[in-house]
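Enquirer: Below: sequence and its predicted model.
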Amino acid sequence: MMRRSISVIPECPVDVIVALAVRAEALGFDRCWVYDEGLATRDVYVTMAAVAAATERIGIGPGITNPYTRHPAQTAAAVASLDEMSGGRAFLGIGAGGSLTLDPIGLTRTRPLAAVREAIEVARALFAGGPVDHAGPLATLESASLHYGRPDIEIWLAGRGPKMLRLGGEVADGVMLDFIHKPSLGQYVDRVRAGGSAARICYSTAVVTDEDELEFVRPHMTYRLVDAPAPVKEAIGLTAADVDRIRSAMARGLDAAAEHVRDEWIEPFVIRGTAAGCGAEIAELGERHGIEEFLLPMFDMADQPAYLARVAAALGESGF
């Protein structure tokens with residue numbers, strides 16, 4: 001049976017996020033992933049702690065964080081602290097980071113494969129109790145240890161590039177595929193499997209049942225389109241000039257950049273149709289590709305609780 005989860009982007013006050021997580025738990029969702037988008041959102045760890053304090057069952061973790069804005073050991077300590085306060089419900093989601101997070105603070109993705117691998121290795125060693133001595137491309141640790149970690153805290157990797165996906169299959173417990181070009185989804189899963197057969201697959205994308213929901217998704221396609229792999233940009237007809245136009249407008253905010261995002265660039269990345277039809281498509285994709293978790297992104301919609309209930313019902317009718 002496919003696990004159902006939500007991801008939340010804390011662009012709004014933390015209490016709004018908490019209320020949504022509480023509602024998701026009541027509807028039977030299994031996990032709550034919280035975006036870490038730096039200055040663009042509320043702090044990920046403050047938000048997750050508030051969610052943990054208000055819930056009893058739902059899993060909680062950053063979805064996703066990166067190895068650049070915080071030292072990997074500090075990330076491990078934060079996740080271990082969250083795990084302790086939530087009674088063992090925390091997980092770590094990590095990736096190379098994107099333009100929305102890194103550009104405003106002048107950080108670049110230096111050696112992303114090595115950086116993500118290093119962050120995962122450091123976290124695993126610290127979760128196991130240490131002591132850890134490490135000298136890597138971005139981080140150094142000397143006799144570092146955590147006395148409150150849990151060795152089996154799950155670590156999930158998110159990425160799109162072939163090498164990053166293979167790395168996820170090799171070193172992570174699971175790989176989260178976020179807003180993947182649907183015609184290419186099988187290729188992405190195969191790349192994960194090439195790294196190792198044990199990694200589980202989580203697939204995340206928006207469920208769009210009407211025009212209003214499409215408009216809520218549009219701003220959040222901006223940074224995803226900018227960071228999409230070159231073959232995907234070519235497949236959807238997104239030119240270098242289009243990318244430059246979107247990227248430049250992002251300096252004025254996502255809504256300004258969204259004005260440059262065409263419908264035909266969004267369609268291949270989302271599940272769109274009636275609620276029942278969307279549920280059936282997700283179930284079919286899960287069966288075809290061996291997907292074990294569907295992750296529903298919750299954007300800043302006025303009717304989030306109602307939207308969440310509609311999607312939960314559709315998923316339930318589809319058998320998961």
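Expert: Nice, I can see it. Here the structure is a predicted model, which is why all the values come from computation and not from measurement.

Enquirer: From here on, just use CA atoms for contacts and neighbour counts.
Expert: OK.

Enquirer: Flag the shaky bits of the stretch 201-320 of the chain, pLDDT-wise.
Expert: 300-302, 318-320 (pLDDT under 70).

Enquirer: Once you drop chain neighbours, what's closest to Met250?
Expert: Distances taken as Cα to Cα, 6 or more residues apart in numbering put Ala257 closest to Met250, at 5.0 Å, once the chain neighbours are dropped.

Enquirer: Now for that neighbour, how many residues are close by?
Expert: For Ala257, the neighbour count with other Cα atoms under 10 Å is 22.

Enquirer: can you check Leu254 too?
Expert: 20.

Enquirer: and if you look at the one 5 residues further on?
Expert: Glu259 has 13 neighbouring residues, counting by other Cα under 10 Å.

Enquirer: State the distance from it to Met85.
Expert: As for Glu259, its distance to Met85 is 42 Å (criterion: Cα to Cα, to the nearest Å).

Enquirer: where along the protein do the helices fall?
Expert: 14-26, 44-54, 72-85, 99-102, 112-127, 162-171, 185-195, 211-226, 230-236, 240-250, 254-258, 263-266, 275-289, 304-317 (DSSP state H).

Enquirer: could the ones you listed go into JSON lines alongside distance to Ile155?
Expert: Shown next, in JSON lines, are those (distance: least, Cα to Cα, whole Å):
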{"stretch": "helix 14-26", "distance to Ile155": "21"}
{"stretch": "helix 44-54", "distance to Ile155": "16"}
{"stretch": "helix 72-85", "distance to Ile155": "10"}
{"stretch": "helix 99-102", "distance to Ile155": "20"}
{"stretch": "helix 112-127", "distance to Ile155": "7"}
{"stretch": "helix 162-171", "distance to Ile155": "9"}
{"stretch": "helix 185-195", "distance to Ile155": "15"}
{"stretch": "helix 211-226", "distance to Ile155": "22"}
{"stretch": "helix 230-236", "distance to Ile155": "27"}
{"stretch": "helix 240-250", "distance to Ile155": "31"}
{"stretch": "helix 254-258", "distance to Ile155": "29"}
{"stretch": "helix 263-266", "distance to Ile155": "29"}
{"stretch": "helix 275-289", "distance to Ile155": "21"}
{"stretch": "helix 304-317", "distance to Ile155": "26"}
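
Enquirer: among those, which is nearest Ser7?
Expert: Ser7 sits nearest to helix 14-26 of all the helices of the chain, at 9.2 Å, using Cα to Cα.

Enquirer: Correct me if wrong: Ile9 contacts Tyr35.
Expert: Yes. Assessed by Cα atoms under 8 Å, Ile9 is found in contact with Tyr35 at 5.0 Å.

Enquirer: These two: which has the busier surroundings?
Expert: Tyr35 (25 against 21).

Enquirer: Report the central residue of the protein.
Expert: Gly63 (3.8 Å; Cα atoms, centre = their mean).

Enquirer: what sits against that one?
Expert: When contacts are counted by Cα atoms under 8 Å, 6 or more residues apart in numbering, Gly63 is found next to Ser7, Trp33, Val34, Tyr35, Asp36, Leu92, Gly93, Ile94.

Enquirer: who's in contact with the spatially closest residue to His181 that is not a sequence neighbour?
Expert: Sequence neighbours aside, Phe269 is the residue nearest to His181 in space, at 4.9 Å (criterion: Cα to Cα, 6+ apart). Neighbouring residues of Phe269 by Cα under 8 Å, 6+ apart: Phe179, Ile180, His181, Lys182, Thr205.

Enquirer: quick revisit: so which of the helices of the chain gets nearest Leu296?
Expert: In terms of Cα to Cα, the element of the helices of the chain nearest to Leu296 is helix 304-317, at 8.7 Å.

Enquirer: Run the chain-centre distance for the closest one.
Expert: Relative to its chain's centre, helix 304-317 lies at 20 Å (Cα atoms, centre = their mean, to the nearest Å).

Enquirer: Can you name every helix or strand that it contacts?
Expert: helix 14-26, helix 275-289 (3 or more Cα pairs under 8 Å, 6 or more residues apart in numbering; DSSP states H and E).

Enquirer: can I get the ones you listed in JSON lines with mean neighbour count and distance to Arg245?
Expert: Listed next are the helices and strands packed on helix 304-317 as JSON lines, based on neighbours: other Cα atoms under 10 Å; distance: least, Cα to Cα, whole Å:
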{"stretch": "helix 14-26", "mean neighbour count": "19", "distance to Arg245": "32"}
{"stretch": "helix 275-289", "mean neighbour count": "18", "distance to Arg245": "32"}
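
Enquirer: Those: which one's closest to His220?
Expert: Using Cα to Cα, the nearest of those to His220 is helix 14-26, at 17.4 Å.

Enquirer: Show me the contact partners of that closest one.
Expert: So helix 14-26 is contacted by 6, 8, 10, 32, 42, 47, 50-51, 54-55, 57-58, 304-305, 308 (Cα under 8 Å, 6+ apart).

Enquirer: Could you report the separation of the residue nearest to His181 from Ala115?
Expert: 27 Å.
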